[in-house]
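**Q** Model the following, please.
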Amino acid sequence: MAHHVSISDLADPRLADYAHLTDVALKKSGGEHGLYLAESLLVLQRALRAGHVPRSVLALGSSVDEALSAVAEFDVPVFAGPPELLEELTGYLLHRGLIASMHRPALPSVASLLSVSTRVVILENVVDPTNVGAIFRSVAAIGADAVLVTPRCSDPFYRRAIRVSMGTVLQVPWTRTDDWPSLRAALVEASFHVAALALTEDAVDLRSFAASAPERVALVLGTEGEGLTPEALAAADTVVQVPMRHGIDSLNVAAAAAVAMYALAD
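**A** Numbering: from 1, shown residues only. Sure thing, here's the model as predicted:
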């Protein structure tokens, strides 16, 4: 079971997970799939409910009992120490009470996610983790079954994405895709209609598309500025756009995702 470990210095090598490591460094640490950090009791609880396995927890004194209770079934240390020492270790004050080092789970296959979904969101090259986190939060709240992210998309397990999503990136099924030809083939095999959100001359009004939307829809969203690549547009069955007023031609990608998902909700 989980055990309390008081720290008075930073010599314990098990504390290295919290010592100013970047998201990229964490991804390369701690075993087969790497690590990520879950900040706050809420996010830790969501990670545990999703079946993720903790490696350790770092907690302020007032949060130790909550941390021990949350990971009680696991044989992991719950480190605790004075706030100034923990701040020296992490580089910031643990104002959320605790932070947990978690083992990244193996990602599912694209085909396995598509087989049990009717609405999926595909994020092409969305590099801002804030937008990625916000989109996952909308997916969880409004209703899509899974998220697919392209190779150049920001990692949903990056700390900022997890934080902005309120931990919903740990609840919503997701995986990484291959190139567009193979992804398009998988979508066709699973009977998905690919709807790309973009401003093109042949784009269909979102409301019109949603009024008679196919049973299975994959909504494709691109990065702000550049938008979708030619490969993504070529893979689309329909290009759709959000109708707007006052000469505005685009929304933040996270806002556009929320609007489109709401329109297409089952």
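
**Q** Need phi/psi at Leu15.
**A** Here the main-chain torsion angles of Leu15 (degrees, to the nearest 10) amount to phi -80, psi -10.

**Q** Low-confidence bits of the protein, can you list those?
**A** Across the chain, the ranges flagged by pLDDT under 70 are 244-251, 266.

**Q** Could you measure from the closest residue to Glu87 other than its chain neighbours over to Gly61?
**A** Nearest residue to Glu87, sequence neighbours excluded (C-beta to C-beta, 6 or more residues apart in numbering): Leu93, at 5.2 Å. (Each C-beta comes from the backbone N, C-alpha and C, glycine too.) For Leu93, the distance to Gly61 under the criterion C-beta to C-beta, to the nearest Å works out to 13 Å.

**Q** what does Pro13 give?
**A** Note on Pro13: its distance to Gly61, by C-beta to C-beta, is 23 Å.

**Q** The two: who's more crowded?
**A** Each of Pro13 and Gly61 had its neighbours counted (other C-beta atoms under 10 Å), and the higher figure belongs to Gly61 (13 against 8).

**Q** hang on, isn't that one packed against Leu85?
**A** No: contact criterion C-beta atoms under 8 Å: Gly61 and Leu85 do not qualify, at 11.3 Å.

**Q** so what sits against both of those two?
**A** Listed as contacting both Gly61 and Leu85 by C-beta atoms under 8 Å, 6 or more residues apart in numbering is no residue at all.

**Q** where's Ala232, which helix or strand?
**A** In this structure, Ala232 is located in helix 230-235 according to DSSP states H and E.

**Q** Now the element after that helix, going C-ward?
**A** Note on helix 230-235: by DSSP H and E, the next helix or strand toward the C-terminus is strand 238-241.

**Q** Restrict the helix or strand following that following strand to CA atoms and write it as PDB.
**A** Downstream of strand 238-241, the next assigned helix or strand under DSSP H and E is helix 253-264. Presented in PDB, the C-alpha positions along helix 253-264 are these (Å, rounded to 0.1, in the frame of the first residue of the first chain):
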ATOM      1  CA  VAL A 253      -9.700  26.300 -33.000                       C
ATOM      2  CA  ALA A 254     -10.900  25.200 -29.500                       C
ATOM      3  CA  ALA A 255     -14.000  27.400 -29.800                       C
ATOM      4  CA  ALA A 256     -14.700  26.100 -33.400                       C
ATOM      5  CA  ALA A 257     -14.400  22.600 -32.100                       C
ATOM      6  CA  ALA A 258     -16.900  23.200 -29.400                       C
ATOM      7  CA  VAL A 259     -19.400  24.800 -31.800                       C
ATOM      8  CA  ALA A 260     -19.000  22.000 -34.300                       C
ATOM      9  CA  MET A 261     -19.300  19.200 -31.800                       C
ATOM     10  CA  TYR A 262     -22.400  20.700 -30.300                       C
ATOM     11  CA  ALA A 263     -24.000  21.000 -33.800                       C
ATOM     12  CA  LEU A 264     -23.200  17.300 -34.500                       C
END
